[in-house]
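1. Let's see this in three dimensions:
(chains A and B, ligands or ions: 2)
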Amino acid sequence: MAGDWSGSTGLGDSWDESEPLVRPYAVTRGRTAPAVPLELVALVATTDSGMAAIRRRGRLAPEEHDIAILCMRIHSIAEISARLKLPLMVVRVLIDDMARDGMVSVHRPENPDRPSPELLRRVLHGLTRL
Amino acid sequence: MVSPVSKRAPTAVKVLVAGGFGVGKTTFVGSVSEIEPLTTEAALTSASLGVDDTSAVHGKTTTTVAMDFGRLTLSNNIILYLFGTPGQDRFWFMWDELVRGAIGAVVLVDTRRMADSFPAIDFFENRRVPFLVAVNRFDANTYEYPLPMVRNAADLAPHRPLMYCDARRPDSAQTTLVHLVRHALELALSGDLPDEP
Ligand SMILES: Nc1nc2c(ncn2[C@@H]2O[C@H](COP(=O)(O)OP(=O)(O)OP(=O)(O)O)[C@@H](O)[C@H]2O)c(=O)[nH]1
Ligand SMILES: [Mg+2]
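-> Ligands and ions are numbered 1, 2, ... in the order given. Below is the predicted model:
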């Protein structure tokens, strides 16, 4: 499938860094955390720094290492949880930390409450072209 | 190695597949998904499973207690996730998270046990989540129930899409999804939806 991100592999898989990655973080008690927990379908991709960290032993905790390897191809929070058999809560905390350290980039749904008509049109278009 | 055509970040959307116990949710998700359906780890003890009446569902060997999901990559940089909602009422606490941001829901109905899907219908009606009702074709006698009868029994509004589908067939499941997204788009354009679910 042309432009199929799921089918591509390797270093080139993190997206254009000029795109908005993580929506604004609220600063609470000196620690930054997402104001709203990461969505099940928030997408995660390992960055170049993440790739470098994979190669240097000891830079990442074992679970973080597994996430960085998995997300060389884009995966959602739900997929990371299922593939690595980690509870969703744990995945959210780990991704949050890794995003702050620049190991992964996170792309959250554009509208967390309801997809826009514009997005629905794109989905419809994509579905009818399958 | 294929390099991505676009460096634009993909967009993720999700659709819920709901309905009573053993109605074919996992089958539906699996027939459109490009990956083997995955299951998230839910902290459930075997004691909490209790007893469920599966006698009407022949050949059913597994019980899905957590939500399972699949993925469909559309060519225009959109990844569609399909979540099969937990079939049993006591897992409704998970639905809040599933509903948030969803395009809508496909509620599957088994005409032999129609009432099993009523809680799902009520839930999405109350939340004003776009949904359609699809009668899963388990066998030939599914057709003993004409759709107007199903609409009546489930007390569905006249505008609510109601159709047959065969959860085992990718083309049928895909057509069902097209109808759902079209319905969601119509509702969004008619301004019939609240800003937040
Ligand atoms: N004959 C027939 N069998 C079907 C059809 N759809 C599903 N089944 C079978 O019905 C059984 C239940 O289907 P599932 O997809 O597991 O149902 P489910 O809704 O995910 O079940 P729970 O998650 O346990 O609530 C399985 O054995 C399927 O193979 C259908 O259209 N026709
Ligand atoms: Mg199931």
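
2. Residue 119: how many residues sit nearby?
-> Looking at chain A here, since you left the chain open. 19 (other C-beta atoms under 10 Å in any protein chain shown). C-beta coordinates here come from the backbone N, C-alpha and C atoms, glycine included.

3. oops, I was thinking of chain B
-> For residue B:119, the count of nearby residues is 17 (other C-beta under 10 Å).

4. Likewise for residue B:158?
-> 6.

5. Could you list the low-confidence segments of chain A?
-> Within chain A, the stretches with pLDDT under 70 are A:1-35.

6. can you pull out the helices in it?
-> Using DSSP state H, the helices of chain A run over residues A:48-55, A:62-70, A:77-84, A:88-100, A:117-128.

7. Where do the helices of chain B begin and end?
-> B:25-32, B:95-99, B:118-127, B:147-154, B:170-189.

8. Return the set of buried residues in the shortest one.
-> Counting neighbours by 16 or more other C-beta atoms under 10 Å in any protein chain shown, one finds that the buried residues in helix B:95-99 are B:95, B:98, B:99.

9. residues in contact with the second one?
-> To tie it back to what came earlier, the one meant is residue B:98. With contact taken as C-beta atoms under 8 Å, 6 or more residues apart in numbering or on different chains, residue B:98 is in contact with A:40, B:14, B:16, B:67, B:83, B:85.

10. Try it again at 10 Å.
-> Counting by C-beta atoms under 10 Å, 6 or more residues apart in numbering or on different chains, residue B:98 touches A:40, B:14, B:16, B:18, B:67, B:69, B:83-86, B:92, B:105, B:129.

11. And the first one, by the same measure?
-> In this structure, residue B:95 makes contact with B:16, B:18, B:67, B:83, B:85-86, B:102, B:105, B:120, B:123-124, B:127, B:129, judged by C-beta under 10 Å, 6+ apart.

12. The lengthiest strand in chain B pairs with which strands?
-> If you go by DSSP state E, chain B has its longest strand at strand B:11-19. Paired strands of strand B:11-19, with direction, are strand B:78-84 (parallel), strand B:104-109 (parallel) (DSSP bridges).

13. Distance of residue A:122 relative to ligand 1?
-> Separation of residue A:122 from ligand 1 (C-beta to the nearest ligand atom, to the nearest Å) stands at 29 Å.

14. Actually, residue A:71.
-> 28 Å.

15. most centrally placed residue in chain A?
-> residue A:44 (1.3 Å; C-alpha atoms, centre = their mean).

16. Would you indicate which residues of stretch A:46-53 are buried?
-> With burial defined by 16+ other C-beta under 10 Å, the residues of stretch A:46-53 counted as buried are A:46, A:47, A:49, A:50, A:51, A:53.

17. and of these, the nearest to chain B?
-> Taking C-beta to the nearest C-beta as the measure, chain B sits nearest to residue A:47 out of the buried residues of stretch A:46-53, at 12.7 Å.

18. is it true that the closest one touches residue A:103?
-> Yes. Counting by C-beta atoms under 10 Å, residue A:47 does reach residue A:103; the two are 6.3 Å apart.

19. out of everything not next to it in sequence, what's closest to residue A:65?
-> Closest residue to residue A:65 apart from its sequence neighbours, by C-beta to C-beta, 6 or more residues apart in numbering or on different chains: residue A:54 at 6.5 Å.

20. Please tell me how far the residue of chain A found nearest ligand 2 sits from residue A:88.
-> Closest residue of chain A to ligand 2, C-beta to the ion: residue A:82 (14.1 Å). Using C-beta to C-beta, to the nearest Å, we find residue A:82 at a distance of 9 Å from residue A:88.
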